[in-house]
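A.B. asks: generate a structure from the sequence data that follows.
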Amino acid sequence: MPLICDMSSEFCSRPIDVKKYGVIYAGAQKNCGPAGNTIVIVRKDLIKKETILPVTPAVINYATVDAAPEQMYNTPTTWSCYMCGLYLEYMNTKGIKSLEDMAIQKSKLLYDYIDSTGGYYINKVEPAFRSRMNIVFQMAKGADAEKKFAADAEKAGLIDVKGHRSVGGLRASIYNAMPIEGVQALINFMKKFKDENP
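C.D. replies: Just a heads-up that it's a prediction; the model follows:
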């Protein structure tokens, strides 16, 4: 049975052994380009025409896509592809190990601060399962405090810290493009917010 994995949040943030997977799917807007690109790596034996179900829409029929450039179902978003190419070139200059080291450093900095606040900020995810890309946290004071935090953060230039609509809370997305200075700015804001809202 082939292993299929959605790696949208971590693709290009650490080394992976692609041979372990039948399909790797990744929204490129997270770590390797603007919205509009999706990177899909499919093992060759899974894209034979005879293995594709007749009900498969053409746009996600990987046998059709694999026939490109001789035959294309649709025209790709050229600007997004170009920008993705530029970012992949940049990542090549850094190296995937360097990007992983930076992700570890940034996420550790933020998790260490959250864990040091004595429960003012709370991360309920077991350390072994914590994301390096999306750091989720709640506030002991509840949803009203989180709304105030998100609003004040936006006024301070820290946007989109509101948690995902399905789980609430707060979330810091620190993908490859986020410099460590951005993480430190968030921590400084969190400290100030905590001091001003005991």
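
A.B. asks: which SSE is the nearest residue to Gly157 once chain neighbours are set aside in?
C.D. replies: Excluding its sequence neighbours, the residue lying closest to Gly157 (C-beta to C-beta, 6 or more residues apart in numbering) is Ala185, at 7.9 Å. (Each C-beta comes from the backbone N, C-alpha and C, glycine too.) Per DSSP states H and E, Ala185 falls inside helix 180-196.

A.B. asks: output the contacting helices and strands for that helix.
C.D. replies: Where contact means 3 or more C-beta pairs under 8 Å, 6 or more residues apart in numbering; DSSP states H and E, helix 180-196 is packed against helix 96-115, helix 143-155.

A.B. asks: report how many residues lie close to the residue nearest to Gly157.
C.D. replies: Number of residues near Ala185 (other C-beta atoms under 10 Å) recorded here: 14.

A.B. asks: now swap in Ile24 and tell me
C.D. replies: Counted with other C-beta under 10 Å, Ile24 comes out at 19.

A.B. asks: still on that earlier bit, right, and the helices and strands packed on helix 180-196 - which one's nearest Val136?
C.D. replies: helix 96-115 (9.7 Å; C-beta to C-beta).

A.B. asks: contact partners of the closest one?
C.D. replies: Applying C-beta atoms under 8 Å, 6 or more residues apart in numbering, the set of residues contacting helix 96-115 from outside is 12-15, 91, 121-123, 127, 130-133, 135, 137, 172, 174, 176, 178, 180, 183-184, 186-187, 190-191.

A.B. asks: distance from it to the middle of the chain?
C.D. replies: Mean-position distance between helix 96-115 and its chain equals 14 Å (C-alpha atoms, centre = their mean, to the nearest Å).

A.B. asks: tell me which helix or strand comes right after that helix.
C.D. replies: strand 121-122.

A.B. asks: which residue lies nearest the spatial centre of this protein?
C.D. replies: For the chain, Ser9 is the residue whose C-alpha lies nearest the centre (C-alpha atoms, centre = their mean; 2.6 Å).

A.B. asks: ok, now which ones touch the closest residue to that one other than its chain neighbours?
C.D. replies: Spatial nearest neighbour of Ser9, excluding adjacent residues (C-beta to C-beta, 6+ apart): Met133 at 4.6 Å. Counting by C-beta under 8 Å, 6+ apart, Met133 makes contact with 9-10, 13, 30-31, 103, 107, 173-175.

A.B. asks: quick check: Met133 vs Val59, distance?
C.D. replies: Taking C-beta to C-beta, to the nearest Å as the measure, Met133 falls 27 Å from Val59.

A.B. asks: kindly report the same for Ile96.
C.D. replies: According to C-beta to C-beta, Ile96 stands 30 Å off from Val59.

A.B. asks: out of the two, which sits in the busier spot?
C.D. replies: Legend: neighbour count by other C-beta under 10 Å for Ile96 and Val59, higher for Ile96 (14 against 9).
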